[in-house]
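*Asks:* no FASTA, just this:
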């Protein structure tokens, strides 16, 4: 299994020590470095700025929110990044959730799978550069049919470095995972657990079996974000992760539309997820974190002494995951690389 480094999105400002960690990941032989965006920092700019100091690692977005940009704008950024990095860029896309899509970007959220299908198709047409781009979809039309009625089909002035630049899709539900397998080159899971491997494997197989599917298990990438904390005390390590989990399980999205919450329900933690959500939405965030059992943390992470992590890594090696995306500063990356190598 390959290793990748996930910088994540910023909180109140730039991630401290990010440049040092990214260059250390490059030096240590990590396969990839990933950025993210929510409703603060964007995904492309930090990746370009810090990634310019690297020489070998792939540079990926995990994820670019599709509602933030038109498909052609995303394609422009992707082909630009690919040229500047010498063919090391990976475009990771995601639909995000209704609160961000409608509240921050002012775009409609319904039918995210159908929107995704159209979005990816337009990006691929731009990158292929075979003809001026036209599209007559339910959600996207090129040229725009209204306005000044002066729009005409255009073709990128820049010739893409790679017409087949890889596109990965972030997905949590089975239908979206199957869509990733059908139309993309990789799937970006969140809160993956080896215990859920059969569930996701079946969703991927459904997508691979569809007519026109691009790939199969042999050439499909699955970089999974997973907390890895090398620590003698498992409970103390778990305590470092629980507040973030409480936010995702309890506070992301709306009460009845939280896809992260649903992941843990499918994992068998319905009662826990319900309690965490109730506590978090009532403002009792510390209690919400405390309500998360360490066993749940261990299901989606690798924490504890080196021997325990190495033993549990064997279970991850049996799954569909091809790359483990870890976080931390440069020192943490060195420790993780030593344990997982």
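*Replies:* Noted; the coordinates are in hand. Keep in mind it's a predicted model, so treat the numbers as computed, not measured.
*Asks:* got any ranges where the protein has weak pLDDT?
*Replies:* Along the chain, the model assigns pLDDT under 70 to residues 253-254.
*Asks:* quick one, helices of it?
*Replies:* Along the chain, the stretches classed as helices by DSSP state H are 18-28, 44-51, 71-84, 98-103, 112-128, 174-183, 197-208, 234-246, 259-266, 270-281, 285-290, 294-299, 306-317, 330-340.
*Asks:* to residue 159, which of those lies closest?
*Replies:* Of all the helices of the chain, helix 71-84 sits nearest to residue 159, with 8.5 Å by Cβ to Cβ. C-betas here are computed from N, CA, C, even on glycine.
*Asks:* how about that closest one: buried residues?
*Replies:* 71, 72, 74, 75, 76, 77, 78, 79, 80, 81, 82 (16 or more other Cβ atoms under 10 Å).
*Asks:* how does the protein divide into domains?
*Replies:* According to automatic domain parsing, the chain comprises the domains 2-229+305-340, 232-304.
*Asks:* okay, now residue 145: neighbour count?
*Replies:* Neighbourhood size, residue 145 [other Cβ atoms under 10 Å]: 9.
*Asks:* residues contacting it?
*Replies:* Listed by Cβ atoms under 8 Å, 6 or more residues apart in numbering, residue 145 has no contact partners.
*Asks:* same thing with the one 10 residues further on?
*Replies:* With contacts defined as Cβ under 8 Å, 6+ apart, residue 155 is in contact with 129, 131, 132, 133.
*Asks:* can you tell me how far the spatially most central residue of the chain is from residue 333?
*Replies:* Nearest residue to the geometric centre of the chain (Cα atoms, centre = their mean): residue 62, 3.6 Å. Distance, residue 62 to residue 333, using Cβ to Cβ, to the nearest Å: 17 Å.
*Asks:* ditto for residue 177
*Replies:* Distance from residue 177 to residue 333, by Cβ to Cβ: 28 Å.
*Asks:* before we move on, the earlier item: correct me, but the residue nearest to the centre of the chain touches residue 92?
*Replies:* Yes - Residue 62 is in contact with residue 92 according to Cβ atoms under 8 Å; the separation is 4.5 Å.
*Asks:* any chance of the helices of the chain in CSV, plus distance to residue 163?
*Replies:* CSV is the format used below for these (distance: least, Cβ to Cβ, whole Å):
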stretch, distance to residue 163
helix 18-28, 26
helix 44-51, 20
helix 71-84, 9
helix 98-103, 29
helix 112-128, 5
helix 174-183, 16
helix 197-208, 22
helix 234-246, 38
helix 259-266, 32
helix 270-281, 43
helix 285-290, 46
helix 294-299, 40
helix 306-317, 33
helix 330-340, 33
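*Asks:* among the ones you listed, which is the most enclosed?
*Replies:* helix 174-183 (a mean of 22; mean count of other Cβ atoms under 10 Å).
*Asks:* neighbouring contacts of that one?
*Replies:* 95, 112-113, 116-117, 120-121, 168-169, 171, 186-187, 189, 199-200, 202-208, 210, 212-215, 220.
*Asks:* how does it look with 6 Å?
*Replies:* 113, 120, 169, 171, 187, 200, 203-204, 206-208, 210, 213 (Cβ atoms under 6 Å, 6 or more residues apart in numbering).
*Asks:* and what of stretch 215-222?
*Replies:* Here stretch 215-222 makes contact (Cβ under 6 Å, 6+ apart) with 186, 187, 208, 320, 321, 322.
*Asks:* ok, and the most crowded of these?
*Replies:* Busiest of these [other Cβ under 10 Å] is residue 187, holding 29 neighbours.
*Asks:* let's have the contacts of stretch 215-222 in TSV, adding distance to residue 28.
*Replies:* TSV is the format used below for the contacts of stretch 215-222 (distance: Cβ to Cβ, whole Å):
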residue	distance to residue 28
186	22
187	25
208	33
320	24
321	19
322	18
